[in-house]
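K.L.:
Test case, fold it:
(one chain, ligands or ions: 1)
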Amino acid sequence: MFIEILIIILFFAALRLVIIPYFKFLKYKKYGDGRFVPLLGELVEIKEAIKKYEDVDYFVSHQCDENPDLRLYVVNLGSKIKLRLVDPDLMRDFFLNQQYYEKDTFYIGNVLRCAPQGIAFVEGEQWKKARKMFSQAFHFEYLTSLAPLIEQIASKVFNQAMESSEILANYDPLVYSQKITGQVVIATFFGEQVNEKKFRGMDLVSALTHMLNLLGEQSMSLQYFLFGADFFKLRLTKSQRYVDDIIKDFRSFMKDLIEEKIESFQKELKEQGKISVPSILAQIVSTQEITEESKKYLFDDFTTFYAAGTDTTGHLLAMTFYYITQNPELQKALQREVDANQDQSPQGLAQLNYLNAFLKETLRYYGPANFTFDRIATKDHYLGDIPIAKGTIVVPISQSTHRNKKYYEDPHRYNPERWLDNKQKQIHNYAYMPFSSGQRNCIGQHLAMIVARITLNKFVKMFEFSCDPNYKLVITQRFMSEPLDPIPLRLTVRKH
Ligand code: HEM
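P.N.:
Numbering: from 1, shown residues only. Reported below is the predicted structural model:
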């Protein structure tokens, strides 16, 4: 009897976890290509890519090599089916049909515990309100008023590096770029570094980094994959209780800080008719009514901006520094351009050919976020001629399109020159999307580019730099795809 019951249970488990998903997989595979690995699905691919090709994104980068007309690639994630869109036309349909999707929190669920109501993961009316509240503050024109603040932060970090021969001899561009970008998110939000405020003895950058690292570590554990984020809320172990308490205390600390700032901005506005130092929060306080409801979400939005804007922009800068060293001729041209430039404003820097070509090419070749978070279909619908069933995961993979020879000549070569003098042939609107597209595109893209241009410009002005010739770049998976070993740059201070 026991054996029969066991067989029945195993049969139903196999049906639910493997057989039904496999038939769904076949249904979608006929529109493109795909790979089904029972239970483990795409996790196997991630492991293989690192082990065999030393690049966690190898497969998505090379997805269209054999078939540039490929439309989609189907994989499984446990029993769920996931469609990776690689054809720009399909991506366009996807972005025009956002009403049928919600963000899937499988990979990010635990990190979200520190900002559950942040703009990046709320849906519907709540998302619309949040996006409306911040949209003016993230306009290029408004952000240009924050350029002096960004400039100060970059100078401070570079000046510190200049004082230490040890740092100059072994400069880790990821660490120092993220120092800059983390401070920039805080300073552009509040108008200053708020250094006097300490959380458990830590400044804001250290506290946020500490909390996000703890949550990230939990997300990489087997328990997370088996039981999800709720498991860590149970406070079963000392370390679970430690992390849970940090989240609660930090949220309440930030709530007080933001309320205090709002009150002081409102007072300044009342007494002087304007807020003297520009910032994202100042822009909101001076143009909108701050309700109790909006206050409630502002903390989570701030944390979201920090999480979304620090590593990404830092990664863009670090990888650009690295690739510049791999192209010495162009490095010289960039240096000449930067030295000759008279207009250091964000508008002026946006006109520099080589500077922008390098940033654009890094974003194409190995941008920090070359795919969006997974989306789950909330209703049956069509993308073009493809019927998408409710519950299917769909995600546009711009990394595949960015490396498709149909759109880019010699796509696996890092070549900033393709962006000079309009050499790059007119590309499909959805074949270059480092900041995604549609209504949920990156709200911080202008800030990211302003920060990247100011920092790169300053770096090139201040330093000669090269990379240790023995260094081998291996890309692994952390919070995002990152170099496994720190990039060892050698810096010498330039004499002007
Ligand atoms: C080079 C730097 C950056 C890149 C490549 C990047 C890329 C992206 C991408 C691809 C998305 C879409 C994600 C999805 O739909 O699943 C996104 C969304 C977002 N980004 Fe960025 N980002 C960068 C910098 C920033 C910065 C500096 C901020 C803010 C300070 C920021 C804030 C956000 C937010 C809040 C969202 C969610 C928007 C929404 O759902 O309405 N990002 N970003």
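K.L.:
List the buried residues for stretch 251-263?
P.N.:
251, 253-254, 257-258, 261-262 (16 or more other CB atoms under 10 Å). Using the backbone N, CA and C atoms, a C-beta is placed for each residue, glycine as well.
K.L.:
Could you look up the SS state of the closest residue to Leu349 other than its chain neighbours?
P.N.:
Leaving aside its sequence neighbours, Leu349 sits nearest to Arg453 (CB to CB, 6 or more residues apart in numbering; 4.1 Å). On the three-state scheme (DSSP: H, G, I helix; E, B strand; the rest coil), Arg453 is labelled helix.
K.L.:
who touches Arg453 in this structure?
P.N.:
Listed by CB atoms under 8 Å, 6 or more residues apart in numbering, the contact set of Arg453 reads 346, 349-350, 352, 355-356, 359.
K.L.:
can you redo the residues you listed as TSV with pLDDT and secondary structure?
P.N.:
TSV is the format used below for the contacts of Arg453 (pLDDT from 0 to 100; DSSP: H, G, I helix; E, B strand; the rest coil):
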residue	pLDDT	secondary structure
Pro346	97	helix
Leu349	98	helix
Ala350	96	coil
Leu352	96	coil
Leu355	98	helix
Asn356	96	helix
Leu359	98	helix
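K.L.:
got a winner among those for most neighbours?
P.N.:
Leu359 (24 neighbours; other CB atoms under 10 Å).
K.L.:
Now do Phe189: how many residues are near it, please.
P.N.:
Neighbours around Phe189, by other CB under 10 Å: 25.
K.L.:
does Ile150 really touch Val184, like I thought?
P.N.:
Yes. In this structure Ile150 lies within contact range of Val184 using CB atoms under 8 Å: 5.4 Å.
K.L.:
So between these two, which is more surrounded?
P.N.:
Taking neighbours as other CB under 10 Å, Ile150 and Val184 compare with Val184 leading, 27 against 24.
K.L.:
Check the spacing between that one and Leu146 real quick.
P.N.:
8 Å (CB to CB, to the nearest Å).
K.L.:
which neighbours do these two share?
P.N.:
Joint contacts of Val184 and Leu146 (CB under 8 Å, 6+ apart) are Leu447.
K.L.:
which bits of the stretch 251-400 of the chain sit near the ligand?
P.N.:
304-305, 308-309, 312-313, 316, 367-369, 372-373 (CB under 6 Å from any ligand atom).
K.L.:
For the ligand, give me its nearest residue in the stretch 51-200 of the chain.
P.N.:
Ala120 (3.8 Å; CB to the nearest ligand atom).
K.L.:
which residues touch the residue of the stretch 301-450 of the chain found nearest the ligand?
P.N.:
Here the stretch 301-450 of the chain gets closest to the ligand at one residue, Gly444, 2.1 Å apart by CB to the nearest ligand atom. When contacts are counted by CB under 8 Å, 6+ apart, Gly444 touches 138, 305, 308-309.
K.L.:
average pLDDT across the helix or strand containing Phe23?
P.N.:
Using DSSP states H and E, Phe23 maps to helix 20-29. Taken as a whole, helix 20-29 carries a mean pLDDT of 96.
K.L.:
For the ligand, see how far away Asp249 is.
P.N.:
24 Å (CB to the nearest ligand atom, to the nearest Å).
K.L.:
Count the neighbours of that residue for me.
P.N.:
Neighbours around Asp249, by other CB under 10 Å: 14.
K.L.:
Doesn't it belong to a helix?
P.N.:
Yes. Looking at Asp249 with three-state DSSP, it is inside a helix.
K.L.:
thought it was touching Met202?
P.N.:
No. Judged on CB under 8 Å, Asp249 makes no contact with Met202 at a distance of 11.6 Å.
K.L.:
For Lys47, what is the enclosing helix or strand?
P.N.:
Assigned by DSSP H and E, Lys47 falls in helix 42-53.
K.L.:
what does that helix rub up against?
P.N.:
Residues outside helix 42-53 that contact it (CB under 8 Å, 6+ apart) are 35, 37, 55-59, 75-77, 82, 474-477.
K.L.:
For the helix or strand bottoming out on mean pLDDT in the chain, which helices and strands make contact with it?
P.N.:
Using mean pLDDT, DSSP states H and E, the weakest-scoring helix or strand in the chain turns out to be strand 475-477, at a mean of 82. In terms of contacts (3 or more CB pairs under 8 Å, 6 or more residues apart in numbering; DSSP states H and E), strand 475-477 is packed against helix 42-53, strand 481-483.
K.L.:
Quick check: mean pLDDT of stretch 247-262?
P.N.:
Here the average pLDDT along stretch 247-262 is 94.
K.L.:
how distant is it from the center of its chain?
P.N.:
Chain-centre distance of stretch 247-262: 24 Å, with CA atoms, centre = their mean, to the nearest Å.
K.L.:
could you dump that stretch to CSV, C-alpha only?
P.N.:
The C-alpha atoms that make up stretch 247-262 are tabulated as CSV, following Å, rounded to 0.1, in the frame of the first residue of the first chain:
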residue,chain,number,x,y,z
ILE,A,247,15.8,46.3,8.4
LYS,A,248,13.2,47.5,11.0
ASP,A,249,15.5,49.9,12.7
PHE,A,250,16.9,51.3,9.5
ARG,A,251,13.4,52.0,8.1
SER,A,252,12.4,53.8,11.2
PHE,A,253,15.7,55.8,11.1
MET,A,254,15.2,56.8,7.5
LYS,A,255,11.5,57.7,8.1
ASP,A,256,12.6,60.2,10.9
LEU,A,257,15.4,61.5,8.7
ILE,A,258,13.2,62.1,5.7
GLU,A,259,10.4,63.8,7.9
GLU,A,260,13.0,66.0,9.4
LYS,A,261,14.3,67.1,6.0
ILE,A,262,10.9,67.7,4.6
